[in-house]
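Trainee: Model the structure of this input:
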Amino acid sequence: MADESAAIPDPTLADVYNDPLLLEYFKKHIAKEFSSENINFVLAAKEVINRKATLSSDEYVESIQKIFKEYVLENSPQYINLPFQI
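Mentor: Next comes the predicted model:
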């Protein structure tokens, strides 16, 4: 009997982000690994990028500032660990 799991390719990260079910499983997994802030940051940034055309320039700046305060500022609620060079 052939190994059926070999016939199913591993999803790429893009596949995961674009599939609601895979994304939900991934979010549950990373919550167990205590790294859910990373996916939350990417999803928040992706949402702003997707909505950019519908936002006024003030709304766009406000959205970016909100993400910065939530994820980038040291001691923020969902601080992500970025390299010093960024």
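
Trainee: what's the longest helix in this structure?
Mentor: Looking across the chain with DSSP state H, the single longest helix is helix 36-51.

Trainee: next helix or strand past it?
Mentor: helix 57-67 (DSSP states H and E).

Trainee: How confident was the prediction at the spatially most central residue of the chain?
Mentor: By C-alpha atoms, centre = their mean, the chain has its centre lying nearest to Val42, at 2.5 Å. Here the pLDDT value assigned to Val42 is 89.

Trainee: So which elements touch the longest helix of the chain?
Mentor: helix 13-18, helix 20-32, helix 57-67 (3 or more C-beta pairs under 8 Å, 6 or more residues apart in numbering; DSSP states H and E). For every residue, glycine as well, the C-beta is placed using N, CA and C.

Trainee: which parts of that helix are buried?
Mentor: Residues of helix 36-51 classed as buried: 36-37, 39-41, 44, 48 (neighbour count, 16 or more other C-beta atoms under 10 Å).
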